[in-house]
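In: generate coordinates for the sequence data below:
(one chain, ligands or ions: 1)
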Amino acid sequence: MDLRKALLALRFVGLRTTLRAVRAARERDRWEGRVLPAVPAAWRMVKPLETMEPLPDGARFAGPDAELEIRFLAPDVVRLTWTPGVLPLPYAVVRERLTEASVSHKRHAEGWSLESAAMRLEIRADGGIHFRDPSGTIWREEEPPARAGEAWRHRVRLGPEERIYGLGERATPLNRRGRIYRMWNRDPGGSYGPGADPLYLSVPLWLSLGPEGSYLVFYENPFEAIFDLGATEPDVACLTFAGGALRYFVCMGPPDQALARYTALTGRPPMPPRWALGFHQSRWSYESADEVRTVVQGFRDHDLPLHAIHLDIDYMDGYRVFTVDRRRFPDLPGLIRELEGQGVRTVVILDPGVKVDPGYSVYREGMAHSRFCRLPDGSVYRGLVWPGWCVFPDFTDPGVREWWGDQYRSFVEMGVAGFWHDMNEPTTFVAWGEPTFPRGVRHAMEGRGGDHREAHNLYGLLMNRAAWEALRRLRPERRPFLLTRSGWAGIQRYAWNWTGDTESTWAALRQTIPTVLGLGLSGIPYTGPDIGGFSGAPTVELFVRWFQAATFMPFFRNHAAKGTPRREPWVFGEPALSILREFLRLRVRLLPYLYTLAWEAAQTGAPLARPLFWLDPKDPALWEIEDLFLLGSALLVAPVMEEGARSRAVFLPAGEWYDFWSDRRFAGPGVVEVEAPLERIPVFVRAGSILPMAEDRLTLHLYGPSDGEGEGILYQDAGDGFGPYRVDRFHGQWEEGVLRIRRIWEGDLPWPEGGLRLRIHGVAPARAHADGRPVPVEGQTVIAPLFEELIVEIDSA
Ligand code: GLC
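Out: Predicted coordinates:
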């Protein structure tokens, strides 16, 4: 371990734990040595395939040392499985089939072809596969796979212009090509900056864009993998998996369609409770009920909206999970009620490590019923975390998931609104090497047995599954809110994510955009950074700029490490405090829009924060832009990420754009230089957008194109639970002098009291009629009852 890391560790865990970490590392090495083969076997190509057995939706091929099964789950989605190797358990993929897909089979001189309505696969006898679209263009080209012992190697040719996105949580440029990535969830050790790899949450998935077309590929294999995406050979992606069957899904189509397919397979992110889209205040070191009260009071005193407060490990009794320190939090249920009365929800942290302590019931019960992971010699594995030596639940055992889930009962009864799952990579403190379990640690794997090589990347996913299932059981009338540091494919079904222990630097702020966008493109839409970075002391300016950027990110939380200077919004004084207040208020105004985007994500898997290429995946000019992002389809956000900058260049894609602050209009495509004083960052609205905002009353902001059409959706429900909802779709048509808006809707929720307001941007409304009756126009605002058709005549002057 290098000196910097050692010092950081000392700062966070103390001397005693650092010394114990030497012992922990030694023990890990001893066990690692026993399970890892001393000399890695050499790579050998699979022998040629000899037979093909047709299936209605695919085919099975066999050769002397490998088999390949191909199944179409829809005309544009195909699953390929090379064996031998253990098949994945259905932890990530929850659907077997999407739509009917019939396939025609052909035999050729060099092999076979399988054709659906959307694509043709040419399978050469040597195992190489070409994917073609109906016009014959090859959009993916695989070389025959190779094996070494239990490992698989897969090489895929990359086109010269091809870009690659995704891979889960990464601190690299948005286009992942040209680097080597590791799929092995890992705590980078209390602080990380751009370039660190791997991080806490990996997803072996990529989205490819190129002139030949676009597609998404997901490797359903949780073993450790290395993805060399053109780093060693520029035109080859070379992937190696340490074990398991080589199974992967290929979804053909533009990013929105491919991601909709992927999230149909691995699950869509469910509707969160509405408060979760608000502002969360957190800090490692809120040590007592009084301190928490003072912080929340500070938000009231300074007139700052607050939706949730997070309790980090200091609320626990000696870091024992599921306990509360009664001395410092004498009446947690009372505190939670009091805060909820002020509109503030309480979220508590939980780590998977259970302190070794015979006087502690969770440990005792877990030991008595064999809930914890064991070493190959049958002894319970111990690792070091905050409380000292810990044992770890085996979440791959359904009985353990249920037992663990039952532990949430007391917190649920206390009124805890959400749970924050940390250290679930899983992380253990070690003085050197892998900060996790030895790979030989045994796991139940739903009864079939396996070890940590297979279970490691699934650990966080399954901890969240245990909690999710428990919350659905314990509090069926409410939507669970879980926040997790680690995860794998499918985690979006259970939890939100934050980007972990980032540095407090401008570079880390800049990294936030590609990291958040990359997670969204990996099917994980709800994520965001610790504002100001976790581990350091941001300057006032850095904090303000970070806060402004995070206002438009799905998860909006202020959090910092123990020992760093305080950063509740008021500690920065003026003018920062007023600026932060304005952005907090803006977040509140945006809630109807964010909530509608959440509903869209639940329907289609589309991320809330999107890269520019989402607008037009065929336009190469958009492929590498990572210094700004879209929030839904209406807003373009260009954070300021340079110290001292008071203006910035913004690339506007094709079409008309409104400056959100001034309503000034710009025409894209092109780069514009815009003012960015400390109190604002450039934000643009796409012409044609209808943006719902919470103001005195619900207000629809209409940003008209000079001529043409536009639309906006508004989703509404009770904000939690599973009761009635409504979706109103507004379609606007701007013609010379007249704006016509039609509304169609579905759902049973009555429209909230008070009709609606429409604020017209860009032109001056003169007169308006709702369903034929005149309605008042005040300045730019039309005040209307709920209409089916609204006609606004525009002042031509
Ligand atoms: C980890 C988390 C951080 C948390 C700390 C103490 O470093 O990433 O958010 O504050 O542990 O629980």
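
In: alpha carbons only for contacts and neighbour counts from here, please
Out: Fine.

In: and the biggest helix by length in the chain, what does it pack onto?
Out: Determined from DSSP state H, the single longest helix within the chain is helix 3-35. Using 3 or more CA pairs under 8 Å, 6 or more residues apart in numbering; DSSP states H and E, the elements in contact with helix 3-35 are strand 383-385.

In: can you tell me the element P144 falls in?
Out: Under the criterion DSSP states H and E, no helix or strand holds P144.

In: what do you get for E340?
Out: helix 332-341.

In: run through the neighbouring helices and strands of that helix.
Out: Checking 3+ CA pairs under 8 Å, 6+ apart, helix 332-341 ends up next to helix 289-301, strand 345-350, helix 409-414.

In: out of those, nearest to the ligand?
Out: For the helices and strands packed on helix 332-341, proximity to the ligand was assessed by CA to the nearest ligand atom; strand 345-350 is nearest, at 7.2 Å.

In: what is the helix or strand following that closest one packed up against?
Out: Where DSSP H and E defines the elements, the next helix or strand beyond strand 345-350 is strand 354-355. The contact analysis (3+ CA pairs under 8 Å, 6+ apart) places strand 354-355 against helix 361-368, strand 388-391.

In: which positions in the chain make contact with the ligand?
Out: Residues of the chain lying close to the ligand (CA under 6 Å from any ligand atom) are 190, 284, 312-313, 500-501, 561.

In: take those residues and lay them out in a markdown table including neighbour count and pLDDT.
Out: A markdown table is the format used below for these (neighbours: other CA atoms under 10 Å; pLDDT from 0 to 100):
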| residue | neighbour count | pLDDT |
| --- | --- | --- |
| G190 | 17 | 91 |
| W284 | 17 | 98 |
| D312 | 23 | 98 |
| I313 | 23 | 98 |
| G500 | 26 | 98 |
| D501 | 25 | 98 |
| A561 | 22 | 97 |
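
In: which of the helices and strands packed on helix 332-341 is buried the deepest?
Out: strand 345-350 (a mean of 22; mean count of other CA atoms under 10 Å).

In: what helices and strands are in contact with that strand?
Out: strand 308-311, helix 332-341, strand 418-421.

In: list the strands paired with it, with their directions.
Out: Using DSSP bridges, strand 345-350 pairs in its sheet with strand 308-311 (parallel), strand 418-421 (parallel).

In: other residues contacting the first one?
Out: Okay, so that is strand 308-311. 275-276, 278-284, 286, 296, 344-349 (CA atoms under 8 Å, 6 or more residues apart in numbering).

In: what's the spacing between stretch 378-388 and its chain's center?
Out: Taking CA atoms, centre = their mean, to the nearest Å, one finds the center of stretch 378-388 at 29 Å from the center of the full chain.

In: now do that stretch: distance from first to last residue.
Out: Taking CA to CA, to the nearest Å, stretch 378-388 runs 22 Å from one end to the other.

In: and if you look at stretch 237-249?
Out: First-to-last residue span, stretch 237-249, CA to CA: 16 Å.

In: show me what that stretch is in contact with.
Out: By CA under 8 Å, 6+ apart, stretch 237-249 touches 77-88, 150-158, 217-230, 454.

In: mind redoing it with 7 Å?
Out: With contact meaning CA atoms under 7 Å, 6 or more residues apart in numbering, stretch 237-249 is reached by 77-87, 150-158, 217-221, 223-230.

In: repeat for stretch 755-767
Out: Under the criterion CA under 7 Å, 6+ apart, residues 663, 698-704, 777, 780-786, 792-795 lie in contact with stretch 755-767.

In: same check on stretch 106-125?
Out: 48-50, 75-76, 101-105, 129-134.

In: likewise for stretch 541-561?
Out: Contacts of stretch 541-561 (CA under 7 Å, 6+ apart): 277-284, 506, 509, 526-528, 530-535, 576, 580, 583, 587, 608-609, 631, 639-641, 681.

In: domain map for this structure?
Out: 44-266, 281-480, 610-684, 690-795 (automatic domain parsing).

In: among the contacts of stretch 237-249, which are in strands?
Out: Counting by DSSP state E, the part of those found in strands is 77-83, 151-157, 217-219, 225-229.

In: from those residues, which would you call buried?
Out: 77-83, 151-157, 217-219, 225-229 (16 or more other CA atoms under 10 Å).

In: report the central residue of this protein.
Out: Nearest to the mean C-alpha position of the chain, by CA atoms, centre = their mean, lies I524 at 2.8 Å.

In: assign a three-state SS to that residue, would you?
Out: coil (DSSP: H, G, I helix; E, B strand; the rest coil).

In: how about the nearest residue to the residue of the stretch 51-200 of the chain found nearest the ligand, chain neighbours excluded?
Out: Per CA to the nearest ligand atom, the residue of the stretch 51-200 of the chain with the smallest distance to the ligand is G190, at 5.3 Å. What sits nearest to G190 in space, not counting adjacent residues and going by CA to CA, 6 or more residues apart in numbering, is D501, at 5.5 Å.

In: show me what contacts that neighbour?
Out: By CA under 7 Å, 6+ apart, D501 lies in contact with 190-192, 534-535.

In: tell me the one of those nearest R646?
Out: Distance to R646 across the contacts of D501 (CA to CA) is lowest for F534, with 25.2 Å.

In: phi, psi of the residue nearest to G190?
Out: phi -90, psi 70 (degrees, to the nearest 10).

In: next: F629.
Out: The phi/psi pair for F629 (degrees, to the nearest 10) is phi -150, psi 170.

In: and if you look at L714?
Out: phi -130, psi 120.

In: residue contacts, it?
Out: Counting by CA under 7 Å, 6+ apart, L714 makes contact with 596, 692, 727-729.

In: where in the chain is pLDDT low?
Out: By pLDDT under 70, the low-scoring segments of the chain are 1-9, 36-40, 797.
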